[in-house]
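1. Here's a sequence, model it:
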Amino acid sequence: MSYPQLLTPEERLTDAKKLLSLPRIVVICGSTRFMTEMNEADLRETKAGKIVVKPGIDMKAPHELWSDPAEAEAVRVRLDALHRAKIRLADEVLVVGDYIGDSTRAEITYARSLGKFVRFTQPEVDPDA
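-> Numbering: from 1, shown residues only. So this is what the prediction gives:
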């Protein structure tokens, strides 16, 4: 007797998004030095009918929530985990900007390991091109 194969969490998420008739979800990645460009990409992707998630905090900008170096590192770790969760949630990734640093490169690698479609506002910066 054979049993049906259980769905992976990713497959269950995909099925749930279809059942809910959700629009495509795009996550914006890139250096926070491109926050203005990220906001513009958010505007364009939203206008195109997509749900957009992106970094919500620019830790390069001074703020009392991360003025203490130890707390700043703790926040950075939480934000990295949160952004990986956004990548898992998304259907596709949009990389913004003309520079790919270590963090963005790691996000691209992670997204591709999950089989996510990755596109670039500046295709020439694709590390795998």
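2. got the CA coordinates for the worst-scoring helix or strand of the chain on mean pLDDT in CSV?
-> Every helix and strand in the chain was compared by mean pLDDT, DSSP states H and E; the lowest is helix 9-19, with a mean of 90. Extracted in CSV, the C-alpha atoms of helix 9-19 (Å, rounded to 0.1, in the frame of the first residue of the first chain):
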residue,chain,number,x,y,z
PRO,A,9,5.8,23.7,3.7
GLU,A,10,6.7,25.6,0.6
GLU,A,11,4.2,23.6,-1.5
ARG,A,12,1.5,24.2,1.1
LEU,A,13,2.3,27.9,1.0
THR,A,14,2.1,28.0,-2.8
ASP,A,15,-1.3,26.1,-2.6
ALA,A,16,-2.6,28.5,0.0
LYS,A,17,-1.7,31.5,-2.0
LYS,A,18,-3.5,30.1,-5.0
LEU,A,19,-6.6,29.2,-2.9
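3. elements contacting that helix?
-> Applying 3 or more C-beta pairs under 8 Å, 6 or more residues apart in numbering; DSSP states H and E, we find helix 9-19 packed against helix 69-89. C-beta coordinates here come from the backbone N, C-alpha and C atoms, glycine included.
4. Who are the packing partners of the helix it packs on?
-> By 3+ C-beta pairs under 8 Å, 6+ apart, helix 69-89 packs against helix 9-19, strand 25-29, helix 102-113.
5. so how far is it from its chain's centroid?
-> Relative to its chain's centre, helix 69-89 lies at 12 Å (C-alpha atoms, centre = their mean, to the nearest Å).
6. same deal with stretch 95-106?
-> Distance of stretch 95-106 from its chain centroid, counting by C-alpha atoms, centre = their mean, is 11 Å.
7. Need the contact partners of that stretch.
-> Stretch 95-106 has contacts (C-beta atoms under 8 Å, 6 or more residues apart in numbering) with 28-31, 33-34, 37-38, 41, 80, 107-108, 118-122, 124-127.
8. what mean pLDDT does it have?
-> Mean per-residue pLDDT for stretch 95-106: 95.
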